[in-house]
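Enquirer: the sequence and its predicted three-dimensional model are supplied below.
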Amino acid sequence: MTITDLEARLIEYTQPAGELLGRNMTVDRSLELARLVGNPQQRLRVVHVAGTSGKTSTCYYIAELLRASGSRVGLTVSPHIRSITERVQVDGQPLDDELFIKLMDEYLTLIADWDQRPSYFELMMVFALWVFDRLGVDYAVVETGLGGLHDTSNICRRADKLCVITDIGLDHMHVLGDTVGEIAAQKVGIIAEGNHAVTYRQDEQIMQPIRSAAEAQQATFDIIDPPETHDYRQRNFYLAEQAYSYVQQRDELQPASAAQREQVRATQVPGRLAISRRGASTIIIDGAHNAQKMSA
């Protein structure tokens, strides 16, 4: 079996995400799926990233900074660009095809008796967490899929989870809400009891739900003043640095050197301002899909 064959099989195995939106999109479903594979989320130290823009880049930067401190790091992001294996990365690399297929076969066997049909995202998120637990990562950097409160990734609820809230704007309004305040309330739903959160200072409509969520969960949070830059990559990197610094100090990790930090800053995130030249033409490829992202 090839990765292409496996992807086709998974699409047939899962149900369309649209059928699970709204009232049918719940963390309870995801918890049921996780229980079938031993609740891996309960054994992982997680950095959980939610927001509208910058999530994927911020996740890559945090993962690479933690690796620079000598940690073994799992990273799950979505969507993938070239291969489904990008959704399950360990130590800076997607799993190789052979190992990915082997582990997926074992995983599908474990959940074969579930009486529900998972969405693609549910299936892949729980799989990533299961793999990270099995391979013994020190940290799992986890990007939300849609929103936060009802997102499958929100089965990660340990008190030592670090929550990172990136820039919030208008997106997926048919599911998350019509205003930035309503959308922010969904995003900050990742904050669990006792967590710490890091975010940029944003519009007050966004900050109020963040404060409310932190107070309700007895969580602490840092509000960071954003750097003066028009380069969103540097903006995302700076937020990632603040998140990393919190974990590094809390867990007494070896700090990343200045040279290592600069190397991480130069990380090319797939599908984000990827510059390609074809003859005399320069092509810039980016996954921006809303006004906030296009503006950046």
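Expert: The structure has been received and is ready for your questions. Numbers count the residues shown, from 1 in each chain.

Enquirer: next up, the contacts around residue 31.
Expert: Counting by C-beta atoms under 8 Å, 6 or more residues apart in numbering, residue 31 touches residue 155. In this view, the C-beta of every residue, glycine as well, is placed from N, C-alpha and C.

Enquirer: and the one 5 residues further on, by the same measure?
Expert: The contact partners of residue 36, taken as C-beta under 8 Å, 6+ apart, are 110, 111, 113, 114.

Enquirer: could you export the residues you listed as a markdown table, including distance to residue 38 and pLDDT?
Expert: Formatted as a markdown table, these follow (distance: C-beta to C-beta, whole Å; pLDDT from 0 to 100):
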| residue | distance to residue 38 | pLDDT |
| --- | --- | --- |
| 110 | 8 | 97 |
| 111 | 11 | 96 |
| 113 | 15 | 91 |
| 114 | 14 | 93 |
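
Enquirer: scan those residues and report the most crowded one.
Expert: Tallying neighbours with other C-beta atoms under 10 Å puts residue 111 at the head of those, with 20 neighbours.

Enquirer: surely that one touches residue 33?
Expert: Yes - if you go by C-beta atoms under 8 Å, residue 111 and residue 33 touch, sitting 6.4 Å apart.

Enquirer: okay, and the common contacts of these two?
Expert: Taking C-beta under 8 Å, 6+ apart as the criterion, residue 111 and residue 33 both touch residue 118.

Enquirer: how close does residue 108 get to residue 77?
Expert: Going from residue 108 to residue 77 by C-beta to C-beta, to the nearest Å gives 22 Å.

Enquirer: looking only at neighbour counts, state which of these two leads.
Expert: residue 77 (25 against 15).

Enquirer: for the more buried one, give me the pLDDT.
Expert: The score at residue 77 is 96. That number is its pLDDT.

Enquirer: ok, then the element right after the lowest-mean-pLDDT helix or strand in the chain?
Expert: When the helices and strands of the chain are scored by mean pLDDT, DSSP states H and E, helix 173-176 comes last with a mean of 59. Later in the chain than helix 173-176, the nearest helix or strand by DSSP states H and E is helix 180-187.

Enquirer: what comes up buried for that following helix?
Expert: Applying a neighbour-count criterion of 16 or more other C-beta atoms under 10 Å, one finds 180, 181, 183, 184, 185, 186, 187 buried in helix 180-187.

Enquirer: and which of these is nearest residue 138?
Expert: Comparing the buried residues of helix 180-187 against residue 138 with C-beta to C-beta places residue 187 closest, at 26.0 Å.

Enquirer: how much space between the closest one and residue 167?
Expert: Counting by C-beta to C-beta - residue 187 and residue 167 are separated by 10 Å.

Enquirer: now for these two: what residues contact both?
Expert: Taking C-beta under 8 Å, 6+ apart as the criterion, residue 187 and residue 167 both touch 51, 52.

Enquirer: all strands in the stretch 101-250 of the chain, in order from the N-terminus.
Expert: Ranges of strands within the stretch 101-250 of the chain are 139-143, 162-165, 196-200, 220-224, based on DSSP state E, counting those that start in this stretch.

Enquirer: how about a markdown table for the ones you listed, with mean pLDDT, distance to residue 47 and mean neighbour count added?
Expert: Listed next are the strands of the stretch 101-250 of the chain as a markdown table, based on pLDDT from 0 to 100; distance: least, C-beta to C-beta, whole Å; neighbours: other C-beta atoms under 10 Å:
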| stretch | mean pLDDT | distance to residue 47 | mean neighbour count |
| --- | --- | --- | --- |
| strand 139-143 | 98 | 5 | 27 |
| strand 162-165 | 98 | 5 | 27 |
| strand 196-200 | 96 | 10 | 24 |
| strand 220-224 | 94 | 14 | 15 |
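
Enquirer: which one of the ones you listed lies nearest to residue 281?
Expert: Nearest to residue 281, of all those, is strand 139-143, at 32.1 Å by C-beta to C-beta.

Enquirer: quick one: strands adjacent to the closest one?
Expert: Within its sheet, and counting by DSSP bridges, strand 139-143 is paired with strand 46-50 (parallel), strand 73-76 (parallel).

Enquirer: could you say which of the ones you listed is packed most deeply?
Expert: strand 46-50 (a mean of 28; mean count of other C-beta atoms under 10 Å).

Enquirer: any residues touching that strand, and which ones?
Expert: Contact with strand 46-50 is made by 55, 58-59, 62, 66, 139-144, 147-148, 151, 153-154, 156, 158, 161-166, 187-190, 243, 247, as judged by C-beta under 8 Å, 6+ apart.

Enquirer: closest one to residue 255 out of the contacts of residue 36, please.
Expert: Taking C-beta to C-beta as the measure, residue 255 lies nearest residue 110 of these, at 39.0 Å.
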